[in-house]
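J.: Turn this into a model:
(one chain, ligands or ions: 1)
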Amino acid sequence: MKNDRGVIFQSFHWYSPADGTLWKTLSDEAEQLRTAGFSAVWLPPGYKGHAGASDTGYGVYDLYDLGEFDQKGSIRTKYGTKGEYLQALKALKQAGMHSYVDIVLNHRMGSDATEIVKATPYQKDDRLQPAGEMHEIEAHTNFTFPGREGAYSSFSWHWWHFDAVDYDAREPEASSTIFVFEGKAFDDYVGSEYGNYDYLMGCDLDFQQDEVREELSAWGRWYLDTTGADGFRLDALKHIPSWFFVSWIRQMREHTGRELPVIGEYWDPELGNLMTYLDQTEGTLLLFDVPLHYQFHQASRLGNSYDLRQILDHTLMKERSASAVTFVENHDSQALQSLESVVESWFKPLAYALILLRREGYPCVFSADYQGAAYTDQGSDGTAHEIVIPSHRQLIDTLLSVRGAFTFGEQRDYFDHANVIGWTFSGDAEHPGAMAVLMSNGSEGRKAMHTGMAKARFIDRTGYVAGEVETDEEGMGEFSCPAGSVSVWVSI
Ligand code: CA
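T.: Numbers count the residues shown, from 1 in each chain. Predicted coordinates for the structure are as follows:
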């Protein structure tokens, strides 16, 4: 799939209010998001999770319940009802934006009944050696969806559709154990942590099982027919055999006759592992640039002892930019979440300039960075923390508007100083404006850069630095930025 000049908006964060208003808000704000410069919106999972109206959607219970049936204590999901969901997707389309819907196929949670089955125990940190003999367990593996009463699908899930669970109702205290069912094995072509990272949580789907693959294809066709979604964000790829989605996505594209852009979440800071996955999936999808996120995380923690010249090293943005979806933060990396790796607030303007104002990558803006967020939760230290994520909306709006007009023509890089880096765009025939971006993670920055535009006047669109810079007959200008910040100079 090709990577245009679009920008994605991630419309939620982990602590988005569980008041059932997100779908309605998206309908109301679709036009505004389009006007700001977004071309696509990533929506959270739209189906019922095991925690009902408070579930983010990642703890999937019923993929056919888009907030329509009285299951898990409510009709609506965390984000609203089915009607509101479909309306939001329609509003995004009408505003001229793509919708990327979140697809979670790795696991199921919150079964309706237990089943007695034989299983072999493994410790969670060693998936290669059994930790005991095979024995009978009582597994929460039977999903009959009584609240839905067979609507849309009569498929019931049983233990044989899964490889493993991590809970035996007869032995509820064995919390670090994974039970692999008789005749089953962990799937191959998955992440390599703990020897095999097939198992993540809940009832782990067996992708080698024919009925499972047929059911996921049937559901996918139903879901696309029902929602008209334009593309996918795929969850937890590292825990699903890489060959599965190649075939599933192909079927979905054939069914709809549409391109269906796909962005995968393969959470791994190692570039090599992402490249391997991209090769295995034969260009079917793009991947979030997790290594770039970790560069931002580190840079924000290290302050001026971080060498900015290396900020794009070992990233998809640099090495495989056509497959890179770049982002600063997301609902898993935000404070107190499972993959917590916060990008400190002072660095976010620099990070957003890096993803929004360069040629490489398909950027994704996180709602909590755009709209701000405040929440309280327990951290990994067991105590409650109050978190405030400030809104960077004003700056991001400026960057979006500059992206649309000034990121064209020749891109010249000045990644030549540990604390002050910059780049310029010369503009092209259709977009005649030139631009110079300068950022510093230390004291006030200054740099002479070639803009490709002679005798032109530039102003800092962030408003951080007052006054004008004029380039000489060669197109060279002396640009500046404040300490620990970024300036975006555009020709006027
Ligand atoms: Ca799995």
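J.: Tell me how many other residues surround residue 377.
T.: One way to gauge burial is a neighbour count; for residue 377, by other Cβ atoms under 10 Å, it gives 13. C-beta coordinates here come from the backbone N, C-alpha and C atoms, glycine included.
J.: Bridged to residue 122, which residues?
T.: Beta-bridge partners of residue 122, counted by DSSP bridges, are residue 130, residue 178.
J.: Now the stretch 1-150 of the chain against the ion: closest residue?
T.: residue 106 (4.8 Å; Cβ to the ion).
J.: Count the neighbours of the residue nearest to that residue when sequence neighbours are not counted for me.
T.: Sequence neighbours aside, residue 236 is the residue nearest to residue 106 in space, at 4.3 Å (criterion: Cβ to Cβ, 6 or more residues apart in numbering). Using other Cβ under 10 Å, residue 236 has 21 neighbouring residues.
J.: And residue 232, by the same measure?
T.: Using other Cβ under 10 Å, residue 232 has 25 neighbouring residues.
J.: Test my guess that it contacts residue 103.
T.: Yes: proximity of residue 232 to residue 103 meets the contact threshold set by Cβ atoms under 8 Å, at 5.0 Å.
J.: got any residues that touch both of the two?
T.: Overlap between the neighbourhoods of residue 232 and residue 103 is empty, taking contacts as Cβ atoms under 8 Å, 6 or more residues apart in numbering.
J.: for residue 143, what are its contacts?
T.: Contacts for residue 143 (Cβ under 8 Å, 6+ apart) come out as 61-62, 108, 111-112, 156-157.
J.: Only the buried subset of the residues you listed, as a ChimeraX command please.
T.: Entered in ChimeraX, the line below selects the buried ones among these, by 16 or more other Cβ atoms under 10 Å:
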select :61,62,108,111,112,157
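J.: Please identify the buried residues of stretch 481-492?
T.: Taking 16+ other Cβ under 10 Å as the criterion, stretch 481-492 shows 481-482, 484-491 as buried.
J.: residues near the nearest residue to residue 73 once chain neighbours are set aside, how many?
T.: Here the nearest residue to residue 73 in space, its sequence neighbours aside, is residue 52; by Cβ to Cβ, 6+ apart that works out to 4.1 Å. Per other Cβ under 10 Å, the neighbour tally for residue 52 reads 20.
J.: Likewise for residue 475?
T.: Applying the criterion other Cβ under 10 Å, we find 18 residues in the vicinity of residue 475.
J.: Can you report phi and psi for it?
T.: Dihedral angles phi and psi of residue 475 (degrees, to the nearest 10) take the values phi 90, psi 10.
J.: List the contacts of it.
T.: For residue 475, the contacting residues are 426, 434, 450-454, 456, taking Cβ under 8 Å, 6+ apart as the criterion.
J.: next one: residue 49
T.: Contact analysis of residue 49 by Cβ under 8 Å, 6+ apart lists 55-61, 72, 77-78, 109-110.
J.: distance of it from residue 65?
T.: Residue 49 sits at a distance of 10 Å from residue 65 (criterion: Cβ to Cβ, to the nearest Å).
J.: Report the residue ranges of every domain in this protein.
T.: Using automatic domain parsing, the domains assigned to the chain come out as 8-106+210-402, 108-205, 408-491.
J.: now do the same end-to-end measure for the shortest one.
T.: As for domain 408-491, its first-to-last residue distance stands at 13 Å under the measure Cα to Cα, to the nearest Å.
J.: same deal with stretch 474-492?
T.: Note: stretch 474-492 ends 17 Å apart using Cα to Cα.
J.: about what we covered before: show me which of the contacts of residue 475 are buried.
T.: Among the contacts of residue 475, those classed as buried by 16+ other Cβ under 10 Å are 426, 434, 450-453, 456.
J.: on that earlier part again, pretty sure the residue nearest to residue 73 sits against residue 71.
T.: Yes: under the contact definition of Cβ under 8 Å, residue 52 touches residue 71, with a separation of 7.4 Å.
J.: Give me the neighbour count for the residue of the stretch 1-150 of the chain closest to the ion.
T.: 25.
J.: roughly how far apart are it and residue 489?
T.: Residue 106 sits 46 Å away from residue 489 when distances are taken as Cβ to Cβ.
J.: How about residue 308?
T.: Using Cβ to Cβ, one gets 18 Å for the distance from residue 308 to residue 489.
J.: Over to residue 18?
T.: Between residue 18 and residue 489 the distance, using Cβ to Cβ, works out to 43 Å.
J.: Next: residue 229.
T.: Summarising the geometry, the distance separating residue 229 from residue 489, computed by Cβ to Cβ, is 39 Å.
J.: what does residue 87 give?
T.: Separation of residue 87 from residue 489 (Cβ to Cβ) stands at 42 Å.
J.: again, but for residue 136
T.: Shown here: residue 136 relative to residue 489, a distance of 70 Å by Cβ to Cβ.
J.: Let me see the confidence value for the closest residue to residue 107 other than its chain neighbours.
T.: By the measure of Cβ to Cβ, 6+ apart, the closest residue to residue 107 outside its immediate chain neighbours is residue 202, 3.8 Å from it. pLDDT for residue 202: 97.
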